[in-house]
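**Q** predicted model follows, preceded by the sequence.
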Amino acid sequence: MKNACVVGYGAIGPNHANAIEQTESARLYAVCDNDPVRAKRCVDQYGVKDYRDFDEMLKDPSIDAIHICTPHYLHFPMIKKALAAGKQVVTEKPITMTRVEYEELLTFPGVEKVCCVLQNRLNPCVREMKRIAENGELGKVVTARGMLTWNKDMDYYGNDAWRGKWATEGGGVLINQAIHTMDLFHYITGKVQSVKAQMANFDLPEIEVEDTLSAFLRLQNGGRGVFFASNAYGINAPTMFEVVFEKGTLRYEARRLFKDGVLIQEDENPDMGKGYWGKGHAGLIKNFYDRGVYFSPLDVKPTMDCVFAMYDSARVGGKELNL
């Protein structure tokens, strides 16, 4: 039985705690958060050990694994320290904020054992899309599109000082919210060869980062894709990912999968969090502890390379950049 510690008990930490408690091979042993109010919520619910300081927590030999659920700018240094301390690591997205950090991360001993939380890969509809794409029953991928239209206003950004800044969030809608949709291009259609992207801040001049990003993608198999993500919509609408094959079309939207317009699969309702997230956290964390199956930084590198290339392209006026 492995002892796990959730680091950061804000928006996503409770999802991790709940998922850990559903595994057979791990238990929630501790919480680490510099905010005593947040930490107390976890202690009161699970009766776990309480840490305020990350470095002190790492000295506890009883802790086998840590779950990094902290602001983006803390992910990379915390992964580095945790691996050096011999801990297993489960980390929320983004794994790092920059390409330089990611390349350095790949040199760390034990990096292949880090579990990256791109949990939407485990949604039943996504698994079925991948099965159909890989068995070739619909032929070659011709084109694909992904779309995310959500609403993040100043109440959202004002609640956490690290949000909305390049130095602490690493970007806006792409690296924070839409990274899961972007990940499906690599996971379902194959690797992206090149990207052209543009970004803008249409609605929230108070923040530094983009609230909207659009991109054109060339796939290695010769297909093409388009991608659009915005936090400037009026509501949090369901995301959409569609792949057109030579012999048919798959569209994943509102937790439902359609084949040529006919419903063939539905995702489960999530146990916790928002309805448009899906239910992948529990499955991903259970797989990690009970089966030793997970997505490492090596597995998700194509997605991170694409995210970094989109930002680079947008910064130079939409120039096409190879991955």
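**A** Structure received. Numbering: from 1, shown residues only.
**Q** ok, Arg224 touching Phe185?
**A** No. Using Cβ atoms under 8 Å, Arg224 makes no contact with Phe185, being 10.8 Å away. Heads up, the C-betas are built off the backbone N, CA and C, glycines and all.
**Q** shared neighbours of those two, anything?
**A** Common neighbours of Arg224 and Phe185, using Cβ atoms under 8 Å, 6 or more residues apart in numbering, are Ala144, Leu217.
**Q** who's more crowded, these two?
**A** Phe185 (26 against 15; other Cβ atoms under 10 Å).
**Q** next up, the contacts around that one.
**A** Contacts of Phe185 by Cβ under 8 Å, 6+ apart are Ala144, Gly146, Val192, Leu217, Leu219, Gly225, Phe227, Thr303, Cys306.
**Q** which of those lies closest to His75?
**A** Thr303 (15.2 Å; Cβ to Cβ).
**Q** now the closest one: which helix or strand?
**A** The secondary structure element spanning Thr303 is helix 301-315 (assigned by DSSP states H and E).
**Q** just list what that helix packs against, helices and strands only.
**A** Counting by 3 or more Cβ pairs under 8 Å, 6 or more residues apart in numbering; DSSP states H and E, the packing neighbours recorded for helix 301-315 are helix 99-105, helix 173-176, helix 179-184, strand 192-200, strand 212-219, strand 321-322.
**Q** and the fifth one, what does it pack against?
**A** The one in question is strand 212-219. Secondary elements touching strand 212-219 (3+ Cβ pairs under 8 Å, 6+ apart): strand 141-149, helix 173-176, strand 192-200, strand 224-230, helix 301-315.
**Q** which outside residues touch the second one?
**A** Just to be clear, that refers to helix 173-176. 72, 93-94, 97, 148, 150, 152, 169, 182, 199, 209-213, 229-231, 307, 310-311.
**Q** same check, this time on the fourth one
**A** For strand 224-230, contacts defined as Cβ under 8 Å, 6+ apart pick out 143-150, 173-174, 177-178, 181-182, 185, 189, 192, 202, 211-219.
**Q** send over the helix or strand that it is followed by as CSV, restricted to the C-alpha atoms.
**A** Sequence order places strand 240-245 as the next helix or strand after strand 224-230, per DSSP H and E. Listed next in CSV are the C-alpha coordinates belonging to strand 240-245 (Å, rounded to 0.1, in the frame of the first residue of the first chain):
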residue,chain,number,x,y,z
MET,A,240,-15.9,19.3,-29.6
PHE,A,241,-13.4,17.1,-31.4
GLU,A,242,-14.1,15.7,-34.9
VAL,A,243,-12.1,13.5,-37.2
VAL,A,244,-13.1,13.0,-40.8
PHE,A,245,-11.7,9.7,-42.2
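**Q** now the helix or strand just after strand 240-245: average pLDDT?
**A** Next in sequence after strand 240-245, counting helices and strands by DSSP H and E, comes strand 248-253. Mean pLDDT, strand 248-253: 98.
**Q** partners of strand 248-253 in the sheet?
**A** strand 240-245 (antiparallel), strand 256-259 (antiparallel) (DSSP bridges).
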